[in-house]
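> no sequence on this one, just coordinates:
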Ligand SMILES: CC(=O)CC(=O)SCCNC(=O)CCNC(=O)[C@H](O)C(C)(C)COP(=O)(O)OP(=O)(O)OC[C@H]1O[C@@H](n2cnc3c(N)ncnc32)[C@H](O)[C@@H]1OP(=O)(O)O
């Protein structure tokens, strides 16, 4: 028999916009900044934590297996087992899902599951010709051979192949993530005006959530003593006219995706504490929500933005739950056009029949129940973190609003989707 699994607590750093140079924190720094206050307030000590799982897409060389490095820096002890998971933008949710399955199966009672990403620290990659040149130089026997290789040096050896651009490009279709959103906008007729209006609302909702203190943020402090306490991508000054004036970022001149209606490139980390019923009783924990189920799905890489539709529908059908039976939705805002395309796909008879294998449409999701406190367009999208953040925020918002059932779901580069169902306790 499977055992109930609860999200009992969670915390994240503020999300900090990548501003063209490495930010103040590496991926592990971020995980430590969010993890420390979270652990300090737990009624249990390090010995109670059975497993640490951390999602991270862009790992840096000094922090291989960031989960283990973070666990050690958090003082969890040399005997703390910790591993890192990577499924692009699903990584932060994959960590929760893996912890959920370990607890459900009876192998663990307390799991620390997180996601971290410092997109501003994405490793730069040298072009292949430069790598070969450096290797030849290193192996050169004697001065003459070295001089011969030196004569082969080219100026573009100093120009890296930008890591982030490569990381946000699908290697199979050759499309970058923004171009996949353009494809969806075309397929489902999403207008530029609709995408901009969606983006503006994301900022408005985040601003209200910040003002009301509804977010799970723990301040981060850098080595100079600067304190970061808010998601700094929020643009309170934004308006629909300015958004409409921005040029398309990925497809000139008629593209729908602009810097204003795309998720921002940011750094940030998030953790949740998962506990079994036994751990809840033993440590006197208060569950925020129970994890009921999860689903991973795959589709054509160029349609990766529809991952939420495929994964959430499959999960809900398995459980015989209808669209209207879900009180709250978190769909990661990779792009406004992509979220709007998901909503359109769920109402598109042809798509629902051919792809989702439904008799009618899945249904319409009320915007008042979707991303109620804003999303990645306003606060940013540290890719390995976002799946964790949306699950944590869903649990938090369900509690605040007194809702029973919520789905957190995200699209995943490479053509996949992840979804998780939470219920109030
Ligand atoms: C990977 C997976 O597995 C699945 C996924 O989730 S796919 C999604 C992954 N993430 C991405 O692909 C990232 C998408 N975003 C981007 O690539 C970049 O944000 C982008 C190329 C679209 C824009 O990059 P940028 O030019 O550096 O943006 P940014 O500096 O924020 O904005 C440029 C200008 O637009 C304007 N602007 C942006 N947002 C605005 C707003 N809300 N209101 C008004 N003006 C705005 C401003 O003038 C801004 O310049 P200033 O801030 O200096 O005034």
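Structure received. Keep in mind the model is a prediction, meaning the values are calculated, not measured. Numbers count the residues shown, from 1 in each chain.
> C-alpha from now on. contacts and neighbour counts both.
Will do.
> centre of the chain versus stretch 283-299, how much separation?
Centre-to-centre, stretch 283-299 and its host chain are 16 Å apart (CA atoms, centre = their mean, to the nearest Å).
> do the same with stretch 346-358
With CA atoms, centre = their mean, you get 26 Å for stretch 346-358.
> Mind listing what's buried along it?
Buried residues in stretch 346-358, counting neighbours by 16 or more other CA atoms under 10 Å, are found at 346, 347, 348, 349, 350, 351, 352, 356.
> Confirm for me that the third one is in contact with residue 364.
No. Under the criterion of CA atoms under 8 Å, residue 348 makes no contact with residue 364, lying 9.9 Å away.
> thinking again about what came up before, of all the buried residues of stretch 346-358, which two lie farthest apart?
In the buried residues of stretch 346-358, two members sit farther apart than any others by CA to CA. They are 347 and 356, at 11.3 Å.
> what's the next secondary structure element after the lengthiest helix in the chain?
If you go by DSSP state H, the chain has its longest helix at helix 192-212. Scanning forward in sequence from helix 192-212 by DSSP states H and E, the next helix or strand is strand 220-221.
> now for whichever helix or strand comes after that following strand, which elements pack on it?
For strand 220-221, the following helix or strand on the C-terminal side (DSSP H and E) is strand 227-228. With contacts defined as 3 or more CA pairs under 8 Å, 6 or more residues apart in numbering; DSSP states H and E, strand 227-228 has these neighbours: strand 220-221.
> contact partners of the strand it packs on?
Residues external to strand 220-221 that are found in contact with it (CA atoms under 8 Å, 6 or more residues apart in numbering): 13, 14, 30, 33, 34, 227, 228, 229.
> mind putting those in JSON lines, pLDDT included?
JSON lines is the format used below for the contacts of strand 220-221 (pLDDT from 0 to 100):
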{"residue": "13", "pLDDT": "98"}
{"residue": "14", "pLDDT": "98"}
{"residue": "30", "pLDDT": "98"}
{"residue": "33", "pLDDT": "98"}
{"residue": "34", "pLDDT": "98"}
{"residue": "227", "pLDDT": "98"}
{"residue": "228", "pLDDT": "98"}
{"residue": "229", "pLDDT": "97"}
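> Contacting the ligand as well, which ones from these?
With CA under 6 Å from any ligand atom as the criterion, the contacts of strand 220-221 include none near the ligand.
> Buried subset of the residues you listed, written for PyMOL?
Entered in PyMOL, the line below selects the buried ones among the contacts of strand 220-221, by 16+ other CA under 10 Å:
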select buried, resi 13+14+30+33+34+228
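> Can you show me the strands along the stretch 1-150 of the chain?
5-12, 16-17, 51-55, 82-85, 110-118 (DSSP state E, counting those that start in this stretch).
> of all those, which lies closest to the ligand?
Closest to the ligand of the strands of the stretch 1-150 of the chain is strand 16-17 (CA to the nearest ligand atom; 8.1 Å).
> by contact count, what packs against the closest one?
The contact analysis (3+ CA pairs under 8 Å, 6+ apart) places strand 16-17 against strand 266-276.
> host element of residue 343?
Using DSSP H and E, residue 343 sits within helix 336-345.
> Can you give the contact residues for that helix?
When contacts are defined by CA under 8 Å, 6+ apart, helix 336-345 is touched by residues 181-182, 184-185, 188, 190, 194-196, 198-199, 256-257, 261-262, 305-306, 308-309, 331-333, 351-352, 364-365, 377.
> how about 6 Å then?
With contact meaning CA atoms under 6 Å, 6 or more residues apart in numbering, helix 336-345 is reached by 181, 185, 188, 195, 261, 305, 306, 309.
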